[in-house]
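**Student:** Quick one, what's the 3D model for this:
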Amino acid sequence: MTGASLKYLTKEGFRNVWTNRMMSIASIAILMSCLVLIGSASMIFLNIDSLLSKIEQENVVMVYVKDDTTDEELKEMENQINALGNIQKVEFVAKEDAWAEQLETMEKAQAEFFTKVSSDIPLPDAYKVTVADLTQFDGTVDDLNQLDHVEIVRQNKDLAQKLVAIRHGISVVAIVIVAILFAISLFIISNTIRLTVYSRRLEISIMKSVGATNSFVRFPFVIEGMILGVVSGTFALGLVWGLYELAVRQFADLLNSMNGLKAISFNEYALPMLGVFILIGIICGVGGSLVTMSKYLNKEGSEISGV
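**Tutor:** As a prediction, the model looks like this:
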């Protein structure tokens, strides 16, 4: 196929979109609706995943240090904790600061009683350790227990296990729902394109009658499918963006009341989502056209007209 032929067939693809604009609009509307459902479901699950990540960060391990530990040994201990491998964050909590925070939670009379009874601080120094991967939680706790100068390690194993189970369940549900929506999208779109190609079977018949090759017949439909996919993906992203921002505004007060939670920013996912939408649109548009056309390309001109 020469450059002139490619240029001509590309123009034909663009012209076909406008000439058959009613079917094109129907294809775009259906594909766009399916992509909006997929995008909306994805943003819901991304927000749930973000919420779980914040809860996981609150599930810290407290490593209490023996009272006779020196400053040099404390620094060495912090380096050893950081070197364990599954550590996201290590924060030293001085016993003076921890005791001051504890006194603030007490009633005034109770706090005065404790300060007058003794000037000694009944708490040890500690390290607040945030685990990076909760699936390795038990192993990390065991490693912390084996460090020198450790008095006791306080952890919430049950919460960690529940968070891991919830995250795994959410991931499975998300994959299943998105896969189902994608399969439904393919089914609906393929049937829509089948109607489009069927309505233009006479056009295909004429092209085959004058000796056009299969690739020559297919190419404008491929270009047309790509155009519909790009347009559908772009408009779908705009709709998902608008619906998401509207939902965030509606539930902003509710999120703030839940320990200041915030929805994730759509800007972080806009470009990746646009790329995925356009890719899905092109695959559906081009794939649907090629599969449906194969029925007519195997027949000669007069046979196609009678189908």
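**Student:** so where do the helices sit in this protein?
**Tutor:** For the chain, helices defined by DSSP state H occupy the ranges 3-19, 21-58, 71-82, 95-104, 108-117, 137-145, 157-199, 201-209, 214-250, 252-257, 267-297, 301-305.
**Student:** Where does the prediction get shaky in the stretch 151-300 of the chain?
**Tutor:** The stretch 151-300 of the chain contains residues with pLDDT under 70 at 157, 159-160, 185, 188-197, 200, 255-261, 288-289, 292-300.
**Student:** re the thing from before, nearest to Glu151, of the helices of the chain?
**Tutor:** Checking the helices of the chain against Glu151 by C-beta to C-beta gives helix 137-145 as the closest, at 10.6 Å. C-beta: built from backbone N, CA, C; applies to glycine.
**Student:** who's in contact with the closest one?
**Tutor:** 61, 63, 81, 84, 86-87, 129, 131, 150, 153, 155, 157, 160-161, 164 (C-beta atoms under 8 Å, 6 or more residues apart in numbering).
**Student:** Just want the angle from it to helix 71-82.
**Tutor:** 160 degrees (axes from the mean of the first three to the mean of the last three C-alpha atoms, to 10 degrees).
**Student:** average pLDDT across helix 137-145?
**Tutor:** The average of the pLDDT scores along helix 137-145 is 85.
**Student:** ok now that helix, how far from the chain's centre?
**Tutor:** In terms of C-alpha atoms, centre = their mean, to the nearest Å, the centre of helix 137-145 is set 30 Å apart from its chain centre.
**Student:** CA-only coordinates of that helix in CSV, if you can.
**Tutor:** C-alpha atoms of helix 137-145 as CSV (Å, rounded to 0.1, in the frame of the first residue of the first chain):
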residue,chain,number,x,y,z
PHE,A,137,4.6,-8.1,60.1
ASP,A,138,5.4,-11.1,62.3
GLY,A,139,9.0,-11.4,60.9
THR,A,140,9.7,-7.8,61.5
VAL,A,141,8.4,-8.0,65.1
ASP,A,142,10.6,-11.0,65.7
ASP,A,143,13.7,-9.1,64.4
LEU,A,144,12.9,-6.2,66.7
ASN,A,145,12.7,-8.5,69.7
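**Student:** Now do the buried residues in that helix.
**Tutor:** For helix 137-145, the neighbour count (16 or more other C-beta atoms under 10 Å) marks Phe137, Thr140, Val141, Asp143, Leu144 as buried.
**Student:** returning to that earlier point: of all the helices of the chain, which one comes closest to Asp125?
**Tutor:** helix 95-104 (5.0 Å).
**Student:** so what secondary structure elements neighbour the closest one?
**Tutor:** helix 108-117 (3 or more C-beta pairs under 8 Å, 6 or more residues apart in numbering; DSSP states H and E).
**Student:** circling back to that earlier point, buried subset of the contacts of helix 137-145 as a ChimeraX selection?
**Tutor:** Remark: buried members of the contacts of helix 137-145, expressed as a ChimeraX selection using 16+ other C-beta under 10 Å:
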select :61,63,81,84,87,129,131,150,153,155,160,164
